[in-house]
Each structure stands twice: as C-alpha cells, then as structure tokens.
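Predicted model and sequence below, questions to follow.
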Amino acid sequence: MKTLIGARVFLPPAEAPDASSKLFREYAAEFVELARNATSPQRFLFLKMANIWQETAIRWERDLLKDQEKRRRDGAAMQRGKHRPLW
C-alpha cells in the first residue's frame, strides 16, 4: 500500500475515467486504514480526508454519467439530422 502522507497524489489520465474513481476510492480506503492506527486528533483528520476522497469518487462518477448521457443525446441528434454545424 502506498502512503499518501507527505507524498504527491497523482491523478490518472483523462483517457481512463473509470480508473479515476477507483483510484479515489483507494485513497479513501488508505486514509481509513491510517485512521485505525492514529491518535484522536489525527484520526479525525484522516477520516475527514477519507470522506473527501469518497465524495470525489462519487462526484467523478456522477459527472462521468452526465457526460456519457450528453454524448448519447448529441449522437442521437446528429443521426436525426438535428445537429447544427459549429461554423
């Protein structure tokens, strides 16, 4: 398991959107693990960071679904001939 404390957090490339939410959930799990062995003030911060990473994963997935739905609607509009050219 990699340690996030004092290290840089690298995000996956945009070409792998599903990997992003998985990575965010891995970060959340790591902070939960750190909280298990931490003292009270540290535990609070670790759990807060875990919550932030979990929320980030949820937002990422929600936005990914919105983007997929928009692309689907745009593609359907193009097939029906309702797509306006950009120029």
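Perfect, thanks for sending it.

Do you have the helices of this protein handy? List them.
Remark: helices assigned in the chain by DSSP state H are 17-36, 40-79.

out of those helices, deepest packed?
Sort the helices of the chain by mean neighbour count, taking mean count of other CB atoms under 10 Å, and helix 17-36 sits at the top with a mean of 17. C-betas here are computed from N, CA, C, even on glycine.

on contacts alone, who are the packing partners of that one?
With contacts defined as 3 or more CB pairs under 8 Å, 6 or more residues apart in numbering; DSSP states H and E, the packing partners of helix 17-36 are helix 40-79.

quick one: the helix it packs on to helix 17-36, angle?
170 degrees (axes from the mean of the first three to the mean of the last three CA atoms, to 10 degrees).

I'd like the mean pLDDT over helix 40-79, please.
The pLDDT scores in helix 40-79 average 86.

which helices and strands sit right next to it?
The contact analysis (3+ CB pairs under 8 Å, 6+ apart) places helix 40-79 against helix 17-36.

What separation is there between residue 38 and residue 32?
Applying CB to CB, to the nearest Å, the value for residue 38 to residue 32 is 10 Å.

shared neighbours, these two?
residue 46 (CB atoms under 8 Å, 6 or more residues apart in numbering).
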